[in-house]
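Q: next one to model:
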Amino acid sequence: MNESQISSLIRAIYNGKINPLRLSKKLYSEIATHLTNGVYKGYGGGLSSFDFDTPDYAMVKNLRENVYIFSAAKTFTM
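A: Prediction:
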């Protein structure tokens, strides 16, 4: 996110447009993308880098799913 996007996000939270019942999809997506890229970098590739029936594929898939769940919780907390 750039400075302008961050300022817009802060204004929306302050004005009540974003609250625990109406979370920012943009923020959620940014967090999930950032963390997913970290998983891919740390594990040595994304799902397409591994054969479907291998333990590596299963691990990356599970880590990616966990990142999205964590990103939702982090967005709610923020």
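Q: helix, strand, or coil at the residue most central in space within the chain?
A: Among the residues of the chain, residue 32 comes closest to the average C-alpha position under C-alpha atoms, centre = their mean, at 0.9 Å. Using DSSP: H, G, I helix; E, B strand; the rest coil, the three-state assignment for residue 32 comes out as helix.
Q: do residue 17 as well
A: For residue 17, the secondary structure call by three-state DSSP comes out as coil.
Q: any idea how far the residue sitting furthest away from the middle of the chain is from residue 1?
A: Distance from the centre of the chain peaks at residue 53, with 25.4 Å (C-alpha atoms, centre = their mean). According to C-beta to C-beta, to the nearest Å, residue 53 and residue 1 sit 38 Å apart. Heads up, the C-betas are built off the backbone N, CA and C, glycines and all.
Q: cool, residue 67 as well?
A: Per C-beta to C-beta, residue 67 is found 17 Å from residue 1.
Q: between these two, point out the one with more neighbours.
A: The residue with more neighbours, out of residue 67 and residue 1 and counting by other C-beta atoms under 10 Å, is residue 67; that gives 20 against 13.
Q: which strands and helices lie in contact with the lengthiest helix in the chain?
A: Counting by DSSP state H, the longest helix found in the chain is helix 55-77. Judged by 3 or more C-beta pairs under 8 Å, 6 or more residues apart in numbering; DSSP states H and E, helix 55-77 is in contact with helix 25-43.
Q: so the helix or strand bottoming out on mean pLDDT in the chain versus helix 25-43, what angle?
A: Between all helices and strands in the chain, the lowest mean by mean pLDDT, DSSP states H and E belongs to helix 3-14, at a mean of 85. Going by axes from the mean of the first three to the mean of the last three C-alpha atoms, to 10 degrees, helix 3-14 is angled at 130 degrees with respect to helix 25-43.
Q: lovely, talk soon.
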